[in-house]
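Engineer: Turn this into a model:
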Amino acid sequence: MAILVNEHSRVVVQGITGREGRARAKLMRDYGTRVVAGCTPGRAGESVDGVPVYDTVAEAAAAHGGLDASVIFVPAPHVKAAALEAIAAGVPLVVLVGDRVPVWDVMEVARAAAARGVDFLGPNTLGCLSVGKGVLGMIGGRAASAREWFKPGRVGVASRSGGMTSSTGYYLSRAGIGLSSLVHVGGDSIVGLPLPEVVRRFEADPDTDCVALFGEIGGSQEERVAELLRSGEVSKPVVAYIGGRAATSGVRFSHAGAIVEGGRGTHEGKVAALRGAGAVVVERFDELPAAVAAALGG
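Structural biologist: Next up is the predicted model:
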């Protein structure tokens, strides 16, 4: 099993005829992802590297007996329209790769997704990858790199940072610790599947025994993970590193979703909340593999 994507997922790429969409669709297919359709208005009847293109997501869904996920590679001003189209077509998971998507647009997407029972990942996300099964977005870059970097196993990885999602998976794999799925929730202040929801998915995944988090300052996602642990809703071990220890109020760390305001979202508060709930929080990032191995009983 895997979370969010597996070897059976039927995927449509919105914006597949653009430079980025074409390149990323190929990378996803090279990894084994079932990219069954593309969508660009006005380009129906064309194909991109053998993938048929449709004018609308609804047409693509009808032609392929339904879709399991859409990955959107369009400029930020058009992300809302593309996401709303996928949601209206009944696609259960929508991945918003683009950054600089207006926050009001994201809020509108969130309302539509909630009304239809649809999940969305991002915006400003590299996506997700289930090791050896499929990838949505661009985690790992080239398929050969993703296969080399991420080895199969039973540890789920999640982060608000795209680079550190990949780096965490890479260093765990180098230490001989295999992975189930990796999820970059997105770097913006409002995202569709934040860390707590991803941790819930790992809790429900029979192929995940432990969760490794790379957290950072700003927001309350890590504290909400701590609440899940404290309530017993999450019982699997959680091992975390929290970046941004030196940041002070008003300092932005990495991206829009990581900024300390008025004493909230501090490094100290996140570490205390997680440790108080039973998670293991390491002081240095290079301590993470050994702590994960210990949590697995190694």
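Engineer: all helices of the protein, in order?
Structural biologist: Per DSSP state H, the chain carries helices over the ranges 19-31, 57-63, 76-88, 103-116, 143-149, 162-174, 195-204, 221-231, 267-276, 288-295.
Engineer: mean confidence for stretch 225-233?
Structural biologist: What stretch 225-233 shows for mean pLDDT is 98.
Engineer: what's the closest of the helices of the chain to A69?
Structural biologist: The closest of these to A69 is helix 76-88. By Cβ to Cβ, the value is 9.0 Å. All C-beta spots, glycine's among them, are computed from the backbone N, C-alpha and C.
Engineer: what packs against that closest one?
Structural biologist: Counting contacts by 3 or more Cβ pairs under 8 Å, 6 or more residues apart in numbering; DSSP states H and E, helix 76-88 packs against strand 10-14, helix 57-63, strand 69-72, strand 93-96, helix 103-116.
Engineer: list the buried ones in stretch 186-198?
Structural biologist: By 16 or more other Cβ atoms under 10 Å, the buried positions in stretch 186-198 come out as G186, G187, D188, I190, V191, G192, L193, P194, L195, P196, E197, V198.
Engineer: And that stretch, how far out from the chain middle?
Structural biologist: Stretch 186-198 has its C-alpha centroid displaced from the chain centroid by 8 Å (Cα atoms, centre = their mean, to the nearest Å).
Engineer: CA-only coordinates of stretch 18-26, as PDB, when you get a sec.
Structural biologist: Output of stretch 18-26 as PDB, limited to C-alpha atoms (Å, rounded to 0.1, in the frame of the first residue of the first chain):
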ATOM      1  CA  GLY A  18       3.600  23.500 -22.000                       C
ATOM      2  CA  ARG A  19       7.300  23.100 -21.500                       C
ATOM      3  CA  GLU A  20       7.100  22.300 -17.800                       C
ATOM      4  CA  GLY A  21       4.100  20.000 -18.200                       C
ATOM      5  CA  ARG A  22       5.600  18.100 -21.000                       C
ATOM      6  CA  ALA A  23       9.000  17.600 -19.200                       C
ATOM      7  CA  ARG A  24       7.400  16.600 -15.900                       C
ATOM      8  CA  ALA A  25       4.900  14.300 -17.400                       C
ATOM      9  CA  LYS A  26       7.800  12.400 -19.000                       C
END
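Engineer: Go through that stretch and flag the buried ones.
Structural biologist: Those would be G18, E20, G21, R22, R24, A25, K26, for stretch 18-26 by 16+ other Cβ under 10 Å.
Engineer: and which of those residues is nearest to I72?
Structural biologist: Comparing the buried residues of stretch 18-26 against I72 with Cβ to Cβ places G21 closest, at 8.7 Å.
Engineer: Can you tell me how far the closest one is from G38?
Structural biologist: Note on G21: its distance to G38, by Cβ to Cβ, to the nearest Å, is 7 Å.
Engineer: Quickly list what's touching both of the two.
Structural biologist: V13, Q14, V48 (Cβ atoms under 8 Å, 6 or more residues apart in numbering).
Engineer: and which of those residues is nearest A76?
Structural biologist: Q14 (13.6 Å).
Engineer: Isn't the closest one up against A25?
Structural biologist: No - using Cβ atoms under 8 Å as the test, Q14 is too far from A25 to be in contact (10.3 Å).
Engineer: so what sits against both of the two?
Structural biologist: G38.
Engineer: Out of the helices of the chain, which gets nearest to G215?
Structural biologist: Across the helices of the chain, closest to G215 is helix 221-231 (Cβ to Cβ), at 4.2 Å.
Engineer: how distant is the closest one from the center of its chain?
Structural biologist: The answer for helix 221-231 is 19 Å, by Cα atoms, centre = their mean.
Engineer: what comes up buried for that helix?
Structural biologist: For helix 221-231, using 16+ other Cβ under 10 Å, the buried residues are Q221, E222, E223, V225, A226, L228, L229.
Engineer: wait, what's in contact with the third one?
Structural biologist: This points to E223. E223 sits next to G269, K270, A273, L274 when contact means Cβ under 8 Å, 6+ apart.
Engineer: of these, closest to Y54?
Structural biologist: K270 (44.1 Å).
Engineer: Model confidence score at the closest residue to the closest one other than its chain neighbours, please.
Structural biologist: In space, and not counting its chain neighbours, K270 is closest to E222: 4.4 Å by Cβ to Cβ, 6 or more residues apart in numbering. We note a pLDDT of 96 for E222 in this prediction.
Engineer: Contact partners for E222?
Structural biologist: L195, L213, G215, A240, I242, K270, A273, L274.
Engineer: Buried ones among those?
Structural biologist: Buried members of the contacts of E222, scored by 16+ other Cβ under 10 Å, are L195, L213, G215, A240, I242, K270, A273, L274.
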